[in-house]
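Q: next comes the sequence, and after it the predicted model I'd like to discuss.
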Amino acid sequence: MLDTVAIYSIRDLEKLSGIKAHTIRIWEKRYGLLQPQRTETNIRYYQDDDVKLLLNTALLNRHGYKISKIASMSQSEINEAILRISESEFDTEVQSDALTLAMLEMDEERFQATINKRIKELGFKETIMQVFFPFLNRLSVLWMTGSVLPVQENYIAGLIKQKLYVAIDAITLPQKETPSFLLYLPEGEEQELSLLFIHYLLKEQGFKVFNLGRNISLEDLKNAYKIQEPDFIFSIINDGLFKMSLKDYVDEISLHCRNSEILLTGIQVNRKPLKTKDNCHTFDGFESIMAYLEKVKV
């Protein structure tokens, strides 16, 4: 049975919902909110329905509902309350919870309803900044800790990519000469959503963008550099570079692409201070990247 369904530990629930494990246990004991199952060795575990209920409970609780009230509500009453909150106000946590549920349930209708409403209200750029980025930060944690199934992550990533491809394609190419950016992910890097976000934001600001995609070797990067001679090269390095050290890799890029400004971010880049060449800049998140780009004149 356990091999055919997604199962979660209480720590997984904590990461998914933002609710401390201690609080979850209190809600279970005092209000009977969740009823965990046990393995043959008596280890507690939770299933998808428990995660969905906890996410909805956390959302309602943040909006003034007492846990005792939520515990007495039927599923239809919970759904109606969630819908009222989602429709009446914008809240980053609400959107992240809605997208997390869409991912866990592999529910395209919920995804489209959540995103299309925000695009209509905020526009696509602000939807990226206020909805997609916060959700991506949560997804990165869930992915790294194994709290979501690969099929769930791939499903939601595919839906987001569809939106991004359409939005990127809809932007008219600049008619004047503008700074150019070459985007890529190194070998072994598979998480290209962040790269597509950057692609959209750069193109939306009028920059020329060459997106090589993921799993690009150092040799391929050098060849692309010779052909395009971009003003900037941007990459995200989250996983370890096993063929060479991060410093050697960055130094190699800086040396062979010496006429470009190298912009790097990612978990490996920010794990510890990295001494780089003058043409290389590191960033600790999207906010610092966007602040840098604001200074680049089109």
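A: Okay, I see it.
Q: count the neighbours of residue 74 for me.
A: For residue 74, the neighbour count with other C-beta atoms under 10 Å is 8. Heads up, the C-betas are built off the backbone N, CA and C, glycines and all.
Q: got the phi and psi for it?
A: phi -80, psi 170 (degrees, to the nearest 10).
Q: report the contact partners of it.
A: Not one residue lies near residue 74 by C-beta atoms under 8 Å, 6 or more residues apart in numbering.
Q: next SSE after the lowest-mean-pLDDT helix or strand in the chain?
A: Of all helical and strand segments in the chain, the minimum by mean pLDDT, DSSP states H and E falls on helix 133-145, at a mean of 73. Next in sequence after helix 133-145, counting helices and strands by DSSP states H and E, comes helix 150-170.
Q: next SSE after that following helix?
A: Using DSSP H and E, the helix or strand that follows helix 150-170 in sequence is strand 180-184.
Q: can you give the strand pairings for that next one, parallel or anti for each?
A: If you go by DSSP bridges, strand 180-184 pairs up with strand 208-211 (parallel), strand 232-236 (parallel).
Q: deepest of these, which one?
A: When the strands paired with strand 180-184 are scored by mean count of other C-beta atoms under 10 Å, the highest mean neighbour count falls to strand 232-236 (a mean of 25).
Q: follow-up on the earlier one: residue 77: which of the strands paired with strand 180-184 is closest?
A: Checking these against residue 77 by C-beta to C-beta gives strand 232-236 as the closest, at 42.5 Å.
Q: model confidence over the closest one, on average?
A: Strand 232-236 carries an average pLDDT of 96.
Q: with stretch 58-71 instead?
A: The average pLDDT within stretch 58-71 is 88.
Q: check which residues of that stretch are buried.
A: Residues of stretch 58-71 classed as buried by neighbour count (16 or more other C-beta atoms under 10 Å): 58-61, 63, 65, 67, 70.
Q: for the residues you listed, which one is nearest residue 200?
A: Among these, residue 59 lies closest to residue 200 (C-beta to C-beta), at 28.0 Å.
Q: now that closest one: closest residue in space that isn't a chain neighbour?
A: residue 97 (4.9 Å; C-beta to C-beta, 6 or more residues apart in numbering).
Q: helix or strand: which one has that neighbour?
A: Going by DSSP H and E, residue 97 is in helix 92-105.
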